[in-house]
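*Asks:* Sequence first, predicted model second:
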Amino acid sequence: MSVSADATLDAPFLLQLDPPAPGVVNMRRDADLLDRCNHGAITGALRLYGFAPACLSLGRLQPSGDVDMEACARAGVDVVRRPSGGRAVLHYAEVTYAVVCSVSDETFGGGVLDSCARIHGAVAAGLRALGVATVAQAPARDVRRAARAAARSADCFAVPGAHELVDAQGRKVVGSAQARQGAALLQHGSVLLRAPDASRYLRAARRAPDAAGVSDILGRDVRREELVRALVTGFAAALGTRLRRDLQETFARDT
């Protein structure tokens, strides 16, 4: 892959560690990072964050009819639409990452599947630092058949997609989706602390028995902060000195 002038090895990646926020705020922050990258204001960013209150995020093109809005309202679960694709994710016991960079970035750029695989490599390295071994789901031989199987459920964690991370038992640990805007990309990923059950909030869903969080795998409670530190370790191994802490807190720009 050729490297453009703005995709050199020393181009900085801003690290933003944000406290939990409502879904609409989180999606606005990520969309802003993508827009800034597309216009050359930043060369890359890694944002790690959570949601408060719990939130169900829908993929960019996912039908809103998949959601049981009354069930969400009764449980106090927010509903938001992501700028990235994929299916619904229940953000509760998990850590979400957002990676933004140029599509020609030396570390994480490339075609969609290649870029996803590179980013998942950093996530997998972070999980290894925590003691969790994962492998990338192999692409399906029959892409159309796999797409039909995935479409049977509105839940992201019901079926692993190509290059998504699963544990030794084949259980999905990380759900992800990517969007592109001009010369920039945004990849969202949900790294589970515990397996979610989004089926109660979705009309076209089943409970996802083939998902597992790091706490489920390790057999102990893993704190959110511990998982964040592990993920930073994995991304730092991939990015090296490019990864630089953004001292200007993101949430201060939303006020």
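*Replies:* Ah, there it is. Residues are numbered from 1 along each chain as shown.
*Asks:* which residue is nearest the centroid of this protein?
*Replies:* residue 189 (0.9 Å; Cα atoms, centre = their mean).
*Asks:* That residue falls within a strand, correct?
*Replies:* Yes. Under DSSP: H, G, I helix; E, B strand; the rest coil, residue 189 falls within a strand.
*Asks:* how close does residue 51 get to residue 18?
*Replies:* As judged by Cβ to Cβ, to the nearest Å, residue 51 and residue 18 stand 11 Å apart. (Each C-beta comes from the backbone N, C-alpha and C, glycine too.)
*Asks:* elements contacting the helix or strand hosting residue 186?
*Replies:* Residue 186 belongs to strand 184-192 when assigned by DSSP states H and E. Judged by 3 or more Cβ pairs under 8 Å, 6 or more residues apart in numbering; DSSP states H and E, the packing partners of strand 184-192 are helix 23-38, strand 94-102, helix 112-130, strand 174-181, helix 214-218.
*Asks:* try it again with 7 Å
*Replies:* helix 23-38, strand 94-102, helix 112-130, strand 174-181 (3 or more Cβ pairs under 7 Å, 6 or more residues apart in numbering; DSSP states H and E).
*Asks:* Now do the closest residue in space to residue 50 that isn't next to it in sequence against residue 225, distance only.
*Replies:* Excluding the flanking residues, the one nearest residue 50 by Cβ to Cβ, 6 or more residues apart in numbering is residue 20, at 3.8 Å. With distances taken as Cβ to Cβ, residue 20 is found 12 Å from residue 225.
*Asks:* between those two, who's got more neighbours?
*Replies:* Neighbour count, other Cβ atoms under 10 Å: between residue 20 and residue 225, residue 20 has more, with 16 against 10.
*Asks:* Please name the residues that touch that one.
*Replies:* Residue 20 is in contact with 49, 50, 51, 52, counting by Cβ atoms under 7 Å, 6 or more residues apart in numbering.
*Asks:* One more pass at 10 Å, please.
*Replies:* Counting by Cβ atoms under 10 Å, 6 or more residues apart in numbering, residue 20 makes contact with 26, 49, 50, 51, 52, 53, 54, 55, 91, 96, 224.
*Asks:* How about residue 100?
*Replies:* So residue 100 contacts 13-14, 30-38, 42-47, 108, 179, 181, 184-187 (Cβ under 10 Å, 6+ apart).
*Asks:* Model confidence for the closest residue to residue 242 other than its chain neighbours, exactly?
*Replies:* Excluding the flanking residues, the one nearest residue 242 by Cβ to Cβ, 6+ apart is residue 13, at 4.7 Å. For residue 13, the model assigns a pLDDT of 96.
*Asks:* what's the pLDDT at the closest residue in space to residue 218 that isn't next to it in sequence?
*Replies:* Spatial nearest neighbour of residue 218, chain neighbours left out: residue 131 (6.1 Å); criterion: Cβ to Cβ, 6+ apart. Note on residue 131: pLDDT of 97.
*Asks:* Pull up the gap between residue 131 and residue 215, please.
*Replies:* Using Cβ to Cβ, residue 131 is found at 12 Å from residue 215.
*Asks:* try residue 162
*Replies:* Taken as Cβ to Cβ, the span from residue 162 to residue 215 is 26 Å.
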